[in-house]
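1. Coordinates for the following, if possible.
(one chain, ligands or ions: 1)
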Amino acid sequence: MISLILALAFAGMQDMPDTDSAQAVSEAAPEQPAPEPQRDPVTGELPVDPYEMSDAHAGATPFAGTGMRDAFHGQDGIRRVVNTMVDRATNDPRISEIFVSHDLVRLRRTLFEQFCYILNAGCTYTGRDMASSHRDIGLQIDDLNILVENLQAAMAQEKISFSAQNRFLSKLAPMKRDVVTR
Ligand code: HEM
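-> The predicted structure is shown next:
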């Protein structure tokens, strides 16, 4: 009799759902991979988290008058300078690694807007502020100096006078404190 009761109890235990292992099975179910971010079909840019837009995020006040705009050959010249600088930086073995996996379509656009705004060439800056844009990159002063070299080469290629080059660089110089974090 006792063995019959034990046998029934054992059979009943086997039928009882094992909540721990049920949970383990559901946890082990294959996870759906996160969907790949899609580029905007019009702009070609990847989406970014929402942020407030302001010209103040450009990190410098614009030059007065039209002298610097003209020295940079207007918006077309500024676009050439930005594109040449980005091409050089992304092919410069000293810093090219830093740009891997970043959205260069967006970077070219926001850099163009920033330079154009500061040079008073008729643009609004819609990018993020310099501290937020560079917070997670971990840049060192050497990286900044190399990017400035690439910018100087791009400005020389555009045949921008040294005095205009230096006036522009002096607008960018104070951004070091927001860009260099190591
Ligand atoms: C004064 C110097 C600099 C200026 C004015 C500047 C300007 C900018 C601007 C306008 C953006 C885009 C912000 C946005 O997406 O909303 C940006 C992002 C970025 N910058 Fe700079 N930058 C500077 C220095 C540097 C240096 C030295 C490096 C590396 C060598 C660098 C690497 C990057 C990268 C990788 C991004 C993309 C960040 C992302 O994907 O979120 N920047 N920078």
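2. what about the residue nearest the centre of the chain, which helix or strand?
-> Nearest to the mean C-alpha position of the chain, by C-alpha atoms, centre = their mean, lies H102 at 5.4 Å. Taking DSSP states H and E as the definition, H102 sits outside all helices and strands.
3. Any stretches of this structure with poor pLDDT?
-> 1-28 (pLDDT under 70).
4. And the helices in it, which stretches?
-> Per DSSP state H, the chain carries helices over the ranges 2-15, 19-28, 67-71, 74-91, 96-99, 104-118, 130-134, 141-157, 162-172, 176-179.
5. before we move on, the earlier item: A89 versus the residue nearest to the centre of the chain, what's the distance?
-> 11 Å (C-beta to C-beta, to the nearest Å). Where C-beta positions appear, they are placed from N, C-alpha and C, glycine not excepted.
6. And for D76?
-> The gap separating D76 from A89 is 21 Å, by C-beta to C-beta.
7. With neighbour numbers in mind, choose between those two.
-> Legend: neighbour count by other C-beta atoms under 10 Å for D76 and A89, higher for A89 (22 against 11).
8. who's in contact with the more buried one?
-> 95-96, 99, 146-147, 150 (C-beta atoms under 8 Å, 6 or more residues apart in numbering).
9. any idea which of those residues is closest to H57?
-> Of all the contacts of A89, H57 sits closest to L147, with 18.8 Å by C-beta to C-beta.
10. Next, count neighbours for that closest one.
-> Around L147 there are 21 residues (other C-beta under 10 Å).
11. Can you tell me, leaving aside adjacent residues, what's nearest to it?
-> The shortest distance from L147 to any non-neighbouring residue, by C-beta to C-beta, 6 or more residues apart in numbering, is to A89 (5.7 Å).
12. Residue numbers of the protein in contact with the ligand?
-> The chain comes close to the ligand at residues 95, 98-99, 102-103, 106-107, 110-111, 114, 127-128, 133-134, 137, 139, 143-144, 147, 172, 175, 179, as judged by C-beta under 6 Å from any ligand atom.
13. quick one, what contacts M53?
-> Here M53 is in contact with 125-126 (criterion: C-beta under 8 Å, 6+ apart).
14. go on, the one 10 residues further on?
-> When contacts are counted by C-beta under 8 Å, 6+ apart, F63 is found next to 69, 118-120, 167, 171.
15. and it, what are its phi and psi?
-> phi -60, psi 150 (degrees, to the nearest 10).
16. repeat for E31
-> According to degrees, to the nearest 10, E31 has phi -80, psi 150.
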